[in-house]
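**Student:** Could you work out the structure for the sequence below:
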Amino acid sequence: MASPAIADSTCVCECCGSTFAPRRKGNKDSNRCCSRACGFEVLRRDRQAASEQRTALIQAQRHAARQHVCLNCSVAFEAHPSAKYCSPSCSGRHHDKMRKGPKPERVCRECQRLFTAEYGDKRRAFCSDTCSARNNHRISKGKKRAAEHGVDAGRIDPIAVLERDGWRCHICGGHAPRELRGTFAAEAPEVDHIIPMSRGGRHIESNVACAHRRCNIEKGDGLALEDAEPARRWVHR
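**Tutor:** From the prediction side, this is the model:
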């Protein structure tokens, strides 16, 4: 801001307050300071004022970002921008409320019963360790049989294969009731290898299908209609 002129040819220095005659007419800064030293001092003051203004603005923004309302007790408090609770006790109480709320139920992959997963174990797929061990044993059993025959084996869940085929026998096309699974009934559902492992068939999803226990026994190590000799033919549906 230019200093007011005392006369037509004199000005007041913004630094030391003395009067002087401007040396350059038409220059907007020629009437601000009486000397070069005063000019540098005024420039330093302007820069310092601008820096203090920026610092005050940043501090105001940081102060606004640190203002929160506690999610548990709804009390206003100042803390880190990512804070959600005013104290550790409020944080613990809020999590206790969340734990005590209703938890969604899920279906066990082994026994098909509804169960609720415990807190901290959200990815649990089995209702108990017994069902988990039973499922792992069934999968490892198939891989062990494949190793005995010297064929490739993948991780196959028999229940998933039976559900994929809709609990229907791929040999006769009849329904294989789920409740007969694991029994010695003739219509009990079993996982059959389309190309038997004794004939080089692999233990993979594309080579297994649902079959009745009776149909699986009658098929034995036979091959499909187009690949087998007349005495060992069967129809793959």
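
**Student:** how near is Ala146 to Arg202?
**Tutor:** Distance, Ala146 to Arg202, using CB to CB, to the nearest Å: 7 Å. Where you see a C-beta, it was placed from the backbone N, CA and C, and this is true even at glycine.

**Student:** shared neighbours of these two, anything?
**Tutor:** Asp152, Ala153 (CB atoms under 8 Å, 6 or more residues apart in numbering).

**Student:** quick one: which of those two has more around it?
**Tutor:** Ala146 (20 against 17; other CB atoms under 10 Å).

**Student:** in the protein, which helix has the most residues?
**Tutor:** The longest helix of the chain (DSSP state H) is helix 36-65.

**Student:** any idea whether the nearest residue to Cys38 once chain neighbours are set aside is helix, strand or coil?
**Tutor:** Leaving aside its chain neighbours, Cys38 sits nearest to Cys15 (3.6 Å; criterion: CB to CB, 6 or more residues apart in numbering). With DSSP: H, G, I helix; E, B strand; the rest coil as the basis, the three-state label of Cys15 is coil.

**Student:** Would you enumerate the residues in contact with Cys15?
**Tutor:** Counted by CB under 8 Å, 6+ apart, Cys15 has contacts Cys33, Cys34, Cys38, Gly39, Glu41, Val42.

**Student:** Quick check: Cys215 is in a helix.
**Tutor:** Yes: counting by three-state DSSP, Cys215 is located in a helix.

**Student:** Can you report how many residues neighbour the nearest residue to it once chain neighbours are set aside?
**Tutor:** Using CB to CB, 6+ apart and skipping residues adjacent in sequence, the residue nearest Cys215 is Ile171, 4.1 Å away. A count of neighbours around Ile171, defined by other CB under 10 Å, yields 21.

**Student:** ok, Ile171 touching Cys210?
**Tutor:** No: between Ile171 and Cys210 there is no contact under CB atoms under 8 Å: 9.4 Å.

**Student:** Next, show the common contact partners of those two.
**Tutor:** Shared contacts of Ile171 and Cys210, counting by CB under 8 Å, 6+ apart, come down to Asp192.

**Student:** what about the helices in this structure?
**Tutor:** Going by DSSP H, the chain shows helices at 36-65, 88-100, 129-149, 158-164, 213-219.

**Student:** Tell me how the protein divides into domains.
**Tutor:** 11-62, 67-100, 138-234 (automatic domain parsing).

**Student:** Out of the ones you listed, which gets nearest to Cys111?
**Tutor:** domain 138-234 (10.0 Å; CB to CB).

**Student:** what's the average pLDDT for that closest one?
**Tutor:** Mean pLDDT, domain 138-234: 83.

**Student:** sorry, back to before: please identify the most buried of the domains of the chain.
**Tutor:** Comparing the domains of the chain by mean neighbour count (mean count of other CB atoms under 10 Å), domain 138-234 ranks first with a mean of 16.

**Student:** how far is that one from where the chain is centred?
**Tutor:** Relative to the mean C-alpha coordinate of its chain, domain 138-234 is positioned 37 Å out (CA atoms, centre = their mean, to the nearest Å).

**Student:** Format the helices of the chain as JSON lines; extra columns: distance to Ala186.
**Tutor:** Formatted as JSON lines, the helices of the chain follow (distance: least, CB to CB, whole Å):
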{"stretch": "helix 36-65", "distance to Ala186": "72"}
{"stretch": "helix 88-100", "distance to Ala186": "49"}
{"stretch": "helix 129-149", "distance to Ala186": "21"}
{"stretch": "helix 158-164", "distance to Ala186": "17"}
{"stretch": "helix 213-219", "distance to Ala186": "4"}
